[in-house]
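Participant: Sequence first, predicted model second:
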Amino acid sequence: MGSLNPKLPPPLPPAPPKIWTPREGPVPGSKPLRYVATFEEILQPTPDVRLFRLTLDGYSRVIPFIAGQFIQMICPVPDKANPGKMKEIIRSYSIASAPEETNFLEFCIKVVLEGAFTPTLWEKRVGDKIDVRGPYGKFIVTQPVEHDLVFIAAGTGIAPFWGMIQSLLLSGVKRDMVLLFGVRYEADLLYEKEFKELAARYPNFKPVFTLSRPLHPETWWGERGYVQTLLPKYVKNPAQTKAYICGLTPMIDASVASLEALGFTSDRIHYERYD
Ligand SMILES: Cc1cc2nc3c(=O)[nH]c(=O)nc-3n(C[C@H](O)[C@H](O)[C@H](O)COP(=O)(O)OP(=O)(O)OC[C@H]3O[C@@H](n4cnc5c(N)ncnc54)[C@H](O)[C@@H]3O)c2cc1C
């Protein structure tokens, strides 16, 4: 249909919406929505952890989110109380990819063998679908960053930090950032090569890897022991540092106690519990 007045040119198309950047916080007025997602790629970096890359059906880009946020996966699983029947359950997963990666959402998930959800997730293959909704969560680093940062993770608690650290470095944050990442054995390390590559490019970022039970202590090149025991060694300036902790309750509680012993006040300690 042309212009109503044939002498006038047709009206201009509407102005494009303002382009949102992850550093601005949530999209104003945005609500978590439900999507159908496709498993685009499934990788297995360690014996019991998989990286799931999901795309959203009907969308060419993934949803806007802030690094550190999570989504919920919704899926029918066998109902243990009613053999032969299925029931829908919901589990939360940190988005491991950075918001700057718009092609897929990555998740870094450990299989809990006796768990209700993850054994079903382990049956998923490339091309399968799953319902997701989000994003949710306030476990984020607010900009501008005016403190040094220490990130403390055990196991798949590393997930939000992979996205957060990439995003902070990409956005030009110059404050010192230390990552203390602990697993049991050498073979359990996640994103090791990737974090080392980031450290080679950004001198203000230092990743520290620690094993609680090294199988080959003679060749292990990193630290030993639990993450929280390394805090006095690697937090150089406790009064000017904010701490972010992610993982299971015992590690979080032990890390909070170590941070408090270093003089951290509660407003500078943030955590995300997985259990
Ligand atoms: C905000 C949020 C984000 C999360 N993000 C992740 C993530 O990125 N990756 C991830 O692997 N899990 C994550 N979790 C945990 C996840 O939601 C599930 O609890 C987990 O996958 C187990 O589900 P399940 O139904 O198989 O086990 P359930 O039947 O629910 O059994 C739960 C048991 O599994 C243990 N458990 C839960 N998570 C883990 C874990 N990661 N490692 C070891 N033991 C665990 C708990 O101690 C609990 O005893 C997150 C949880 C929350 C609340």
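Facilitator: That came through, no problem.

Participant: Residues of the stretch 151-275 of the chain that sit close to the ligand?
Facilitator: Within reach of the ligand by Cβ under 6 Å from any ligand atom, the stretch 151-275 of the chain has these residues: 155-156, 159, 248, 272, 274-275. The way it works is simple: take the backbone N, C-alpha and C, and place the C-beta from them, glycine included.

Participant: For those residues, which entry has the maximal number of neighbours?
Facilitator: Most neighbours among those, by other Cβ atoms under 10 Å: residue 159, with 30 neighbours.

Participant: Could you tell me how far residue 271 is located from residue 101?
Facilitator: Residue 271 sits 24 Å away from residue 101, going by Cβ to Cβ, to the nearest Å.

Participant: One more: residue 186?
Facilitator: Residue 186 is 28 Å from residue 101, where distance means Cβ to Cβ.

Participant: Which strand in this protein has the most residues?
Facilitator: strand 33-46 (DSSP state E).

Participant: ok, that strand: who's next to it in the sheet?
Facilitator: Here strand 33-46 is paired, per DSSP bridges, with strand 49-56 (antiparallel), strand 129-136 (antiparallel).

Participant: hey, which of those strands is tucked in deepest?
Facilitator: strand 49-56 (a mean of 20; mean count of other Cβ atoms under 10 Å).

Participant: And for whichever residue of the stretch 1-150 of the chain sits closest to the ligand, the neighbour number?
Facilitator: For the stretch 1-150 of the chain and the ligand, the shortest gap (Cβ to the nearest ligand atom) falls at residue 115, measuring 2.2 Å. Using other Cβ under 10 Å, residue 115 has 14 neighbouring residues.

Participant: One more: residue 215?
Facilitator: Neighbours of residue 215 under the rule other Cβ under 10 Å: 11.

Participant: cool, and residue 57?
Facilitator: Residue neighbour count, defined by other Cβ under 10 Å, stands at 10 for residue 57.

Participant: Pop the domain breakdown of the chain in here.
Facilitator: 2-136, 148-273 (automatic domain parsing).

Participant: element containing the residue nearest the centre of the chain, please.
Facilitator: Residue closest to the average C-alpha location in the chain (Cα atoms, centre = their mean): residue 160, at 2.0 Å. Using DSSP states H and E, residue 160 sits within helix 159-170.

Participant: what is the orientation angle of that helix with strand 49-56?
Facilitator: Helix 159-170 runs at 70 degrees relative to strand 49-56, counting by axes from the mean of the first three to the mean of the last three Cα atoms, to 10 degrees.

Participant: what separates residue 205 from residue 144, distance-wise?
Facilitator: Distance, residue 205 to residue 144, by Cβ to Cβ: 17 Å.

Participant: er, residue 168 actually
Facilitator: 11 Å.

Participant: neighbour count winner among the two?
Facilitator: Remark: of residue 168 and residue 144, residue 168 carries more neighbours, 25 against 8, as counted by other Cβ under 10 Å.

Participant: Name all residues that make contact with the more buried one.
Facilitator: 67, 141, 145, 149, 177 (Cβ atoms under 8 Å, 6 or more residues apart in numbering).

Participant: Among these, name the ones in strands.
Facilitator: 149, 177.

Participant: quick one on the thing from earlier: what about the helix holding residue 160, distance to the chain center?
Facilitator: Computed by Cα atoms, centre = their mean, to the nearest Å, the chain-centroid distance of helix 159-170 equals 8 Å.

Participant: I am finished for the moment; much appreciated.
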